[in-house]
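Undergrad: with the input below, show me the fold.
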Amino acid sequence: MIAGAIQGFVFNIATFSSRKMLEKPILYLNLFIFFLSLNNLQSWLIDKGFLFNNDYWGHFTIPWYVLIVPMFYAFLIYYLEIESKRWPFLRLSLFIFAIELVARSIVYYLLRQGDLPQNYASFYDSLEDFVTFSYSLFLFVKAIRLIYRYQELYPKILAFDDLKWIKRFMSLGGVVFALWLLSIFWNITGIVEKPYSFYPLRLSSSLLIYWVGYQGFFRYTILKDRIVLRKEIRDRPDKFHKSDNNSYNTGANNKSAETFSKAQEYILKEQRYLDPYFSLEKLSEELNLSSSSLSKAINTNSDSNFSDFINSFRVAQVKELLASDEYSSYTIAAMGLECGFNSKSTFYSAFKKTTGITPVQYRRQRG
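TA: Residues are numbered from 1 along each chain as shown. So this is what the prediction gives:
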């Protein structure tokens with residue numbers, strides 16, 4: 001448990017120190033890890049007797065756990081860019097945290113003064129656990145519904161991220177909620193006494209920190225870069241020239257060349273190459289052209305098939321990013337994924353096929 005908490009804090013420090021500016025999705029995901037780690041650290045310190053050894057403070061804890069799920073929900077809202085459509089519940093969460101903190105302080109003060117029976121401490125703990133669990137479950141269910149039932153709210157995000165990592169996280173979160181409910185049941189019935197009744201929950205939450213830490217150091221670095229790159233690439237298309245795509249043979253004044261030019265202009269203007277699931281069928285439907293005539297036009301005028309043709313736009317976009325000092329701190333994998341490749345391996349393979357060198361070698365040469 002303490003190792004998981006420490007890793008969570010290391011994750012926060014590494015993330016906060018790696019960027020000059022923290023975007024809201026990154027901020028709230030870090031706060032989620034921070035409050036989860038802080039809650040586990042506090043529990044460990046109290047269980048080991050390092051804090052509050054007297055009768056009054058021995059059971060007193062700051063309810064950091066109230067803010068754990070709300071921070072993740074806020075991350076989800078801002079990551080999906082639907083804050084104008086869904087309330088992130090930040091103010092309500094802070095209000096509940098403040099109320100529980102004040103109520104706990106009053107209850108334990110009265111216990112110390114002898115104005116309340118000692119069994120009220122256990123009763124209040126159970127009541128607070130139930131309230132926090134209910135509110136957290138409410139937000140967790142809303143998060144599940146956003147991911148699985150309200151995808152029409154964020155079609156642009158789905159074009160660039162299938163959200164599989166978030167879905168896996170939600171599955172792990174479901175296990176944690178089940179163990180939380182079990183801990184509350186044990187505590188109320190007295191089958192297992194504190195602190196042992198909450199050990200399964202704390203262990204599972206520590207494992208959750210490890211998992212998010214893995215995502216942070218091996219995947220989240222890519223994710224946070226993608227958050228910024230996505231906005232840069234989509235909102236500022238004029239910034240990237242893609243000059244490599246001007247050398248196609250479209251000089252012949254025939255129907256095939258006209259079809260090819262129309263397709264090329266549309267793909268560039270609408271940035272359709274950024275869609276990792278873009279296909280010949282989609283293009284023919286959007287241009288109201290037959291897929292066979294479109295395929296023939298692309299093959300004739302670009303000397304490549306549809307897949308290589310689309311990848312040439314993606315590679316050109318990546319080359320623009322790699323050549324810019326402004327993006328020197330961003331991961332190469334994030335660039336490839338945000339420029340339309342659906343995997344790191346596909347990106348590296350297409351880049352080397354087009355340029356003859358790897359993206360890493362290209363960056364070094366341009367540097």
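
Undergrad: use CA for all of it now, contacts and neighbours both
TA: Will do.

Undergrad: how far away is Lys296 from Phe278?
TA: Going from Lys296 to Phe278 by C-alpha to C-alpha, to the nearest Å gives 18 Å.

Undergrad: and what of Gln264?
TA: Gln264 is 14 Å from Phe278, by C-alpha to C-alpha.

Undergrad: neighbour-wise, which of those two wins?
TA: Gln264 (18 against 15; other C-alpha atoms under 10 Å).

Undergrad: what sits up against whatever helix or strand that one lives in?
TA: Using DSSP states H and E, Gln264 sits within helix 255-270. Here helix 255-270 makes contact (C-alpha atoms under 8 Å, 6 or more residues apart in numbering) with 250-251, 272-273, 283, 287, 293-294, 296-298, 300-301.

Undergrad: what helices or strands is the next helix or strand after it leaning on?
TA: Next along the chain after helix 255-270, taking DSSP H and E as the criterion, comes helix 280-287. Applying 3 or more C-alpha pairs under 8 Å, 6 or more residues apart in numbering; DSSP states H and E, one finds that helix 280-287 contacts helix 291-302.

Undergrad: got a list of what Asn305 touches?
TA: With contact taken as C-alpha under 8 Å, 6+ apart, Asn305 is in contact with 295, 298-299.

Undergrad: ok, now how distant is it from Tyr266?
TA: Counting by C-alpha to C-alpha - Asn305 and Tyr266 are separated by 17 Å.

Undergrad: one more: Gly114?
TA: 77 Å.

Undergrad: what do you get for Lys24?
TA: 33 Å.

Undergrad: what about the spatially closest residue to Ser304 that is not a sequence neighbour, how many neighbours?
TA: Nearest non-adjacent residue to Ser304, counting by C-alpha to C-alpha, 6 or more residues apart in numbering: Ile298, 7.0 Å away. By other C-alpha under 10 Å, 23 other residues sit near Ile298.

Undergrad: right, and Ile298 touches Phe306 too?
TA: Yes. Contact status for Ile298 versus Phe306: in contact at 6.6 Å, counting by C-alpha atoms under 8 Å.

Undergrad: what segments of the stretch 51-200 of the chain are strands?
TA: Remark: strands of the stretch 51-200 of the chain are absent; assignment by DSSP state E, counting those that start in this stretch.

Undergrad: picking up where we left off before, residues in contact with the residue nearest to Ser304?
TA: Ile298 makes contact with 260, 304-306, 309, according to C-alpha under 8 Å, 6+ apart.

Undergrad: next one: it from Ser284, what distance?
TA: According to C-alpha to C-alpha, Ile298 and Ser284 sit 12 Å apart.

Undergrad: go on, Ile46?
TA: In terms of C-alpha to C-alpha, Ile46 sits 65 Å off from Ser284.

Undergrad: coming back round to it: pull the CA atoms of the helix holding Gln264 into PDB?
TA: Listed next in PDB are the C-alpha coordinates belonging to helix 255-270 (Å, rounded to 0.1, in the frame of the first residue of the first chain):
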ATOM      1  CA  LYS A 255     -11.300  12.200 -65.900                       C
ATOM      2  CA  SER A 256      -8.900  10.100 -63.900                       C
ATOM      3  CA  ALA A 257      -6.700  13.100 -63.100                       C
ATOM      4  CA  GLU A 258      -9.800  15.200 -62.200                       C
ATOM      5  CA  THR A 259     -11.000  12.500 -59.800                       C
ATOM      6  CA  PHE A 260      -7.600  12.200 -58.200                       C
ATOM      7  CA  SER A 261      -7.300  16.000 -57.700                       C
ATOM      8  CA  LYS A 262     -10.800  16.100 -56.200                       C
ATOM      9  CA  ALA A 263     -10.000  13.300 -53.800                       C
ATOM     10  CA  GLN A 264      -6.600  14.800 -52.900                       C
ATOM     11  CA  GLU A 265      -8.000  18.300 -52.300                       C
ATOM     12  CA  TYR A 266     -10.900  16.900 -50.100                       C
ATOM     13  CA  ILE A 267      -8.600  14.700 -48.000                       C
ATOM     14  CA  LEU A 268      -6.200  17.600 -47.300                       C
ATOM     15  CA  LYS A 269      -9.000  20.200 -46.700                       C
ATOM     16  CA  GLU A 270     -11.000  18.000 -44.400                       C
END
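
Undergrad: tell me the buried residues in it?
TA: 256-257, 259-261, 263-264, 267-268 (16 or more other C-alpha atoms under 10 Å).

Undergrad: follow-up on the earlier one: among the contacts of Ile298, which one sits closest to Thr355?
TA: Of all these, Thr355 sits closest to Phe309, with 13.7 Å by C-alpha to C-alpha.

Undergrad: next, count neighbours for the closest one.
TA: 17.

Undergrad: please identify the helix or strand for the closest residue to Met335 other than its chain neighbours.
TA: Once flanking residues are discounted, Met335 sits nearest to Val318: 6.1 Å by C-alpha to C-alpha, 6+ apart. For Val318, the element it lies in under DSSP H and E is helix 306-322.

Undergrad: which strand or helix spans Glu232?
TA: With DSSP H and E as the criterion, Glu232 is inside helix 221-235.

Undergrad: how far does that helix sit from the chain's center?
TA: For helix 221-235, the separation from the chain centroid amounts to 12 Å (computed by C-alpha atoms, centre = their mean, to the nearest Å).
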